[in-house]
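In: starting from these lines, generate the structure:
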Amino acid sequence: MHFTVTAEVDATAMFDDESADWRYCKERATFTHADACEFVLHCGDDEYVDGRILEMKAAGCSAAFIDAYRLAAERGAVRVIFYA
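Out: So this is what the prediction gives:
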């Protein structure tokens, strides 16, 4: 049996007024439960994470959002749940 690490990030402040962070999650999340404002982003190897971060920057995501994703990946998370 294999267990993975999932990081949870309270993104309430990041999702104000349909922000770029919220739009990115709505369009690119691995799993979306938009009615509950929950979004799951996958973390993979370093190359995958770096690619995601480049996408986030191109989409105009906030530094706080990108840093939360990066930190979760660095700490071993396989998934990050952003919720509000």
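In: which helix or strand in this structure has the lowest average pLDDT?
Out: Using mean pLDDT, DSSP states H and E, the weakest-scoring helix or strand in the chain turns out to be strand 31-33, at a mean of 92.
In: sheet-wise, list the partners of that one with their directions.
Out: When pairing is defined by DSSP bridges, strand 31-33 lines up against strand 38-42 (antiparallel).
In: buried residues in the helix or strand just after the strand it pairs with?
Out: As assigned by DSSP states H and E, the chain's next helix or strand after strand 38-42 is helix 46-58. By neighbour count on 16 or more other C-beta atoms under 10 Å, the buried set for helix 46-58 is 49, 52, 53, 56. C-betas here are computed from N, CA, C, even on glycine.
In: pretty sure the last one contacts residue 68?
Out: No: here residue 56 does not reach residue 68: they are 10.5 Å apart, not a contact under C-beta atoms under 8 Å.
In: how far away is residue 32 from residue 22?
Out: 11 Å (C-beta to C-beta, to the nearest Å).
In: among those two, which residue is more densely surrounded?
Out: Set residue 32 next to residue 22 and count neighbours by other C-beta atoms under 10 Å: residue 22 wins out with 21 against 15.
In: for the helix or strand containing that one, list the C-alpha coordinates in PDB.
Out: In the assignment (DSSP H and E), residue 22 maps to helix 20-28. Output in PDB follows, covering the C-alpha atoms of helix 20-28 (Å, rounded to 0.1, in the frame of the first residue of the first chain):
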ATOM      1  CA  ALA A  20      -6.000  35.100 -11.900                       C
ATOM      2  CA  ASP A  21      -5.300  32.400  -9.300                       C
ATOM      3  CA  TRP A  22      -8.900  31.300  -9.300                       C
ATOM      4  CA  ARG A  23      -9.200  31.400 -13.000                       C
ATOM      5  CA  TYR A  24      -6.000  29.300 -13.300                       C
ATOM      6  CA  CYS A  25      -7.400  26.700 -11.000                       C
ATOM      7  CA  LYS A  26     -10.800  26.600 -12.700                       C
ATOM      8  CA  GLU A  27      -9.100  26.100 -16.100                       C
ATOM      9  CA  ARG A  28      -6.100  23.900 -15.200                       C
END
